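Asks: Fold the following for me, if possible:
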Amino acid sequence: MSRLDHMLRRLHAQRACLNRAAELVASIDGVVLELGLGNGRSYDHLRELLPTREIYVCEREVAAHPDCIPPDDKLLVGDLRETLPRARPSLAGQVALLNIDLGTGNAAEHKVIAAEVLPLVMALLKPGSIVASDLELANAELEELPLPEAMPMGPVGRYQLYRRL
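Replies: A predicted model of the protein is given here:
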């Protein structure tokens, strides 16, 4: 598979999961948290899907398209291992939808990142909240959900959905 086809499948998978996640949180109050702004594409999509929700974004260094940068009061800039603990007092138990978009394309790195990030976000999630992630997450308090039918065929682990128990 070409790198272009790989990227297209990943983006289609991400969109399908975000669309499904937005449906699943329609009846759950709370904010949206995105880990990894990148170019701002998924943030922009989440704004469109959930126009009435507050959306917080964590990003190490902002380099997104200018139209896709969150307001300063919703942008947590810096290393996640520092920004997430600082956000805990205001976001604990408030996140209805978490989008994790931190993948590097390296499976070994994904496991390390997931192991570091997961403990930092679990306290932020409301019961019943949804996690869409490009990282495979292993936690007894997360139930893996079936992927949307619109999900493109491709390697397992491209994007996952979980529900916080």
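Asks: Every contact and neighbour count from this point should use C-alpha atoms.
Replies: Fine.
Asks: What pLDDT is listed against Arg10?
Replies: What the model reports for Arg10 is a pLDDT of 85.
Asks: Could you confirm it falls within a helix?
Replies: Yes: under DSSP: H, G, I helix; E, B strand; the rest coil, Arg10 falls within a helix.
Asks: Contacts made by the lengthiest strand in the chain with the rest, please.
Replies: Looking across the chain with DSSP state E, the single longest strand is strand 125-133. By Cα atoms under 8 Å, 6 or more residues apart in numbering, the surrounding residues in contact with strand 125-133 are 17-18, 21, 24-25, 28, 30, 92-101, 159-165.
Asks: Check stretch 75-87 too.
Replies: Contacts for stretch 75-87 (Cα under 8 Å, 6+ apart): Tyr56, Val57, Cys58, Glu59, Arg60, Glu61, Val62, Glu116, Val117, Leu120, Val121.
Asks: And Leu137, how close does it get to Ala108?
Replies: Distance from Leu137 to Ala108, counting by Cα to Cα, to the nearest Å: 13 Å.
Asks: Tell me the secondary structure at the residue most central in space within the chain.
Replies: For the chain, Asn99 is the residue whose C-alpha lies nearest the centre (Cα atoms, centre = their mean; 1.2 Å). Reducing the assignment at Asn99 to three states with three-state DSSP gives strand.
Asks: what are the bridge partners for it, then?
Replies: Glu34, Ala132 (DSSP bridges).
Asks: Run a quick neighbour tally on Glu54.
Replies: 13 (other Cα atoms under 10 Å).
Asks: Alright, that wraps it up for me.
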